[in-house]
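S.K.: Predicted model and sequence below, questions to follow.
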Amino acid sequence: MEFKAQSIADFLGGTIEGDTNATVTDVAKIEEGRPGTLAFLSNPKYNKYLYETEATIVIVNQDFEPEAEVKPTLIRVPDAYKAFASLLELYQQAKGNKTGIENPSFIDASAKVGNDVYVGAFAYIGKNVRIGNHVKIYPQVYIGDNTIVGDDSILYAGVKIYEDTKIGEACIIHAGAVIGADGFGFAPLEDGTYQKIPQVGNVILEDYVEIGANTTIDCATMGSTIIRKGTKIDNLVQIAHNVEVGENTVMASQTGIAGSTKVGKNCQFGGQVGVAGHITIGDHVSLGAMSGVANSIKSNRTVLGAPAMDIAQAAKVFAIFRNLPQLREQLIDLGRQVAQIKTKLEE
Amino acid sequence: MEFKAQSIADFLGGTIEGDTNATVTDVAKIEEGRPGTLAFLSNPKYNKYLYETEATIVIVNQDFEPEAEVKPTLIRVPDAYKAFASLLELYQQAKGNKTGIENPSFIDASAKVGNDVYVGAFAYIGKNVRIGNHVKIYPQVYIGDNTIVGDDSILYAGVKIYEDTKIGEACIIHAGAVIGADGFGFAPLEDGTYQKIPQVGNVILEDYVEIGANTTIDCATMGSTIIRKGTKIDNLVQIAHNVEVGENTVMASQTGIAGSTKVGKNCQFGGQVGVAGHITIGDHVSLGAMSGVANSIKSNRTVLGAPAMDIAQAAKVFAIFRNLPQLREQLIDLGRQVAQIKTKLEE
Amino acid sequence: MEFKAQSIADFLGGTIEGDTNATVTDVAKIEEGRPGTLAFLSNPKYNKYLYETEATIVIVNQDFEPEAEVKPTLIRVPDAYKAFASLLELYQQAKGNKTGIENPSFIDASAKVGNDVYVGAFAYIGKNVRIGNHVKIYPQVYIGDNTIVGDDSILYAGVKIYEDTKIGEACIIHAGAVIGADGFGFAPLEDGTYQKIPQVGNVILEDYVEIGANTTIDCATMGSTIIRKGTKIDNLVQIAHNVEVGENTVMASQTGIAGSTKVGKNCQFGGQVGVAGHITIGDHVSLGAMSGVANSIKSNRTVLGAPAMDIAQAAKVFAIFRNLPQLREQLIDLGRQVAQIKTKLEE
């Protein structure tokens, strides 16, 4: 795609300073600007890059006053960051504007597919599936029987949805994610073998949920594993059976939540966090990367470490931990002093 | 699916108390029972829920005596838990009762496919592959050349099996799992680059093995990576080249086992455990979640922590670890006392 | 495949001692040699196995002098290890020698595909994609629009490449890997919800990069996430948006690198390492398994632990950590001695 400064200014309602025919084909951060790219400047900390950047066009705030000569064409708007973000969204929408049914794809005769839907080649839509309007199903997606996908959701290439899953509106599921595989439940038998406990529940993703690439969310043993509205989950995360994650919680990569645990709303998980099963994490809880959580956590707390501790305590603990050899030296030295004192007293 | 109380009682050989026409379409835990669901009551701790549940039918033990009015229809059987479990199995079998060859699928002319097999659309079966009877191969599965899949095994959507793999009978492999990718082996060269060491071995899964979604099990450099009979592996687990895992071992999500390590039988791994390469874990070993194992472990031990310690030691270590700031305070205080004593003695 | 001793000796330019008609169908380590296998002996530590092995043919160094009777046929070559490795490579190339376009596959009319390419059934090649010569695209691979794949690269079954990705020459990407999914970027809004930040950058894999099964490498927010020449990444690794990994770095399984971090060249990562975002890891840095890195690390260092410490410090810290109960006992004992001294002094 190719855009002229004039078209961008028109779209944003901005004013041009420089070449109205300047043309861009890509976007860049201002500090990485190359010829042919569009960048923006909003944070004054980055002002210096404006005089060095090779970007062809830079969007700036209306009231920005340059302190040196500026090479790129400028477009002035009330809020440079917002204007740039709206362009990015437009750009992304244009890029991903797939539509229509590609062949071969497999759509069971009993499935209902909405209007303005994209179904990529080699996608599989099972019995009694209901697909809303404006849904995008990329190639090689698998959608098991009786699944519901709400309007405006996007399932990227190779997503696998087991049967009976409910996916809300405007969800995004990235490539390779597996939703609804069997929970990990086995009953030990007397001879040392394990009997599989049937996993007959499902997964519910509410509206505006985003699921990362190759993440796995298991179905409930009975009932539902639930990811509530607006929650965002990164790549390679494991959500076990019967877990519930509240609204607007964000969970970074490689985190794992064991079975039947309830996570509150507006929580923030760093990467590689591990949470035990059958516990409760309150609302507005922050968990530092690599935290290991064995017990329930009340709302509004920030924890770190494995085992997870309150952040202030964790900071103290880790400071001493790193210096354990010195602490041990002090103890040994003190022991020597005490021994000397005792010798002295016995003399 | 829809079941009447009478049909369920007939199937279970139970007796009905209440409406023989009561109808259910789903199952639920008794504490989560909604109208139209079937629940069970076995553990007396849950008796109280019987008087509150909105489940339509509840299976109870023959000798159960209610202490208040009961709204749901009851079905009395000798063992309520077992009866319910057998219904769940039936339900799951009915749900997953796929059969036949869907089109388009790719089955090489040299492959041999058994009787009563399901091959989903877009599945790929390579040269000289042998598929047993009653096997279910879901859509978009890839089975590389010379692979053998035993009777009654299930490969869910998008499973990828590299060539020469041997899969036993009654195995279950969940969506997105990758069996037989190259082990991670490279020889460092003098110029700082790495030369790939060819990985020409394979993976053997014995009978009754279950592999979780998006788990990866690498082929051996030479010989075989082996998962023995009855072992159950959860989602997103990594098993490196030439690893052997003994019979009836269960391994929770996000665990990783490095190359050439031998794991015994009847072990239990918590989530996110890491095990170094070229070591041996004995039989009946339990490893707590997030354990980090650098050295071999003898049979019958329970370990926790990174580095992994005997559970009793780990409990003591973690208790002190959490209180390191207090321990340090005690040390400082003791130092003060010793200094005071020394001052006094010098007076 | 079946090879006679004479053919192997001819290929390697070696000399035979024993049966020139001895025939092998597989390879094995000398200590695991079974009839019909080919093994090698290079390291004198393994000499003893030569007199026990059931391998049919063993490749040995020219100057090797047996100290007892040897049953297998020997092939003498200048360097037994190198000779064996070259045979393995040949073997692997023969096994993976797929070519041609299988049907059905989806190749957009605007895509350009080189010579001598393999495209497996159910593979998807999007708009304006350019595929080099001798590339192998296994079944069910997805290649998004505008992607470039260099000569001699291999994409195994089910690999998912998002649009605009650049893959160099002689890269290997294992099954289920996802390259170019959206980075995990969301702007918190005042009502507690999150707004998606468009991720419009791409991923660049330079030449000779190898990516493990089910690994995920996210696209940049703007610009590129870059994996430089010769770097090898194991299974289930997470590389976040805008990360750069230098040349010839090896990264073991389940490691995660958070957004915008720069990793140097010739680094070695153990398994399950976690690295925070927006930091810099120098060149030739070694990180022990399960290290947790919150701060930048200078070149040529070896670190371990979470939080990561210099290896020498970490060794001391962990030794004391394991013995914290004893350290505490010493402290308590010292406290008792001090109390006794005080009592004595007050007498």
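M.R.: Good, I have the coordinates. Numbering: from 1, shown residues only, chains lettered A, B, ... in the order given.

S.K.: got the buried residues for the longest helix along chain A?
M.R.: Counting residues, the longest helix found in chain A (DSSP state H) is helix A:324-346. Neighbour-count burial for helix A:324-346, with 16 or more other Cβ atoms under 10 Å in any protein chain shown as criterion, is recorded at A:324, A:327-328, A:330-331, A:334-335, A:337-338, A:341. (Each C-beta comes from the backbone N, C-alpha and C, glycine too.)

S.K.: Among those, find me the one that's closest to C:Ile211.
M.R.: A:Leu324 (38.6 Å; Cβ to Cβ).

S.K.: which bits of the stretch 1-150 of chain A sit near chain C?
M.R.: Applying Cβ under 8 Å from any Cβ of the partner chain, one finds that the stretch 1-150 of chain A approaches chain C through A:27-29, A:32, A:85, A:88-89, A:91-92, A:95, A:102, A:104, A:120-122, A:138-140.

S.K.: Out of those, name the ones that lie in strands.
M.R.: Judged by DSSP state E, strands contain the following of those: A:Val27.

S.K.: Flag the shaky bits of the stretch 151-300 of chain A, pLDDT-wise.
M.R.: Applying pLDDT under 70 to the stretch 151-300 of chain A picks out no residues at all.

S.K.: residues from it in reach of chain C?
M.R.: So the stretch 151-300 of chain A meets chain C at A:156-158, A:172, A:174-176, A:208, A:210, A:212-214, A:230, A:232, A:234-236, A:247-248, A:250, A:252-254, A:265-266, A:271-272, A:289-290 (Cβ under 8 Å from any Cβ).

S.K.: can you do 7 Å?
M.R.: Within the stretch 151-300 of chain A, the positions near chain C by Cβ under 7 Å from any Cβ of the partner chain are A:156-158, A:174-176, A:212-214, A:230, A:232, A:234-236, A:248, A:250, A:252-254, A:266, A:271-272, A:289-290.

S.K.: so which of these are also by chain B?
M.R.: Among those, the residues that sit close to chain B (Cβ under 7 Å from any Cβ) are A:158, A:176, A:214, A:236, A:254.

S.K.: could the residues you listed be laid out in TSV, adding secondary structure and neighbour count?
M.R.: Compiled in TSV, these are given as follows (DSSP: H, G, I helix; E, B strand; the rest coil; neighbours: other Cβ atoms under 10 Å in any protein chain shown):
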residue	secondary structure	neighbour count
A:Gly158	coil	33
A:Gly176	coil	33
A:Asn214	coil	31
A:Leu236	coil	31
A:Gln254	coil	31
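
S.K.: Counting neighbours, which of the residues of the stretch 1-150 of chain A next to chain C end up buried?
M.R.: Buried residues within the residues of the stretch 1-150 of chain A next to chain C, defined by neighbour count using 16+ other Cβ under 10 Å: A:27-29, A:32, A:85, A:88, A:91, A:95, A:102, A:120-122, A:138-140.

S.K.: wait, A:Ile239 sits on A:Ala258?
M.R.: No - look at A:Ile239 against A:Ala258 with Cβ atoms under 7 Å: they stay out of range, at 9.4 Å.

S.K.: Please say which of those two ends up with more neighbours.
M.R.: A:Ile239 (30 against 25; other Cβ atoms under 10 Å in any protein chain shown).

S.K.: Backbone dihedrals for that one, please?
M.R.: Dihedral pair for A:Ile239: phi -120, psi 120, per degrees, to the nearest 10.

S.K.: Now do the contacts for it.
M.R.: By Cβ atoms under 7 Å, 6 or more residues apart in numbering or on different chains, the residues touching A:Ile239 are A:217-218, A:225, A:257.

S.K.: Alright, that wraps it up for me.
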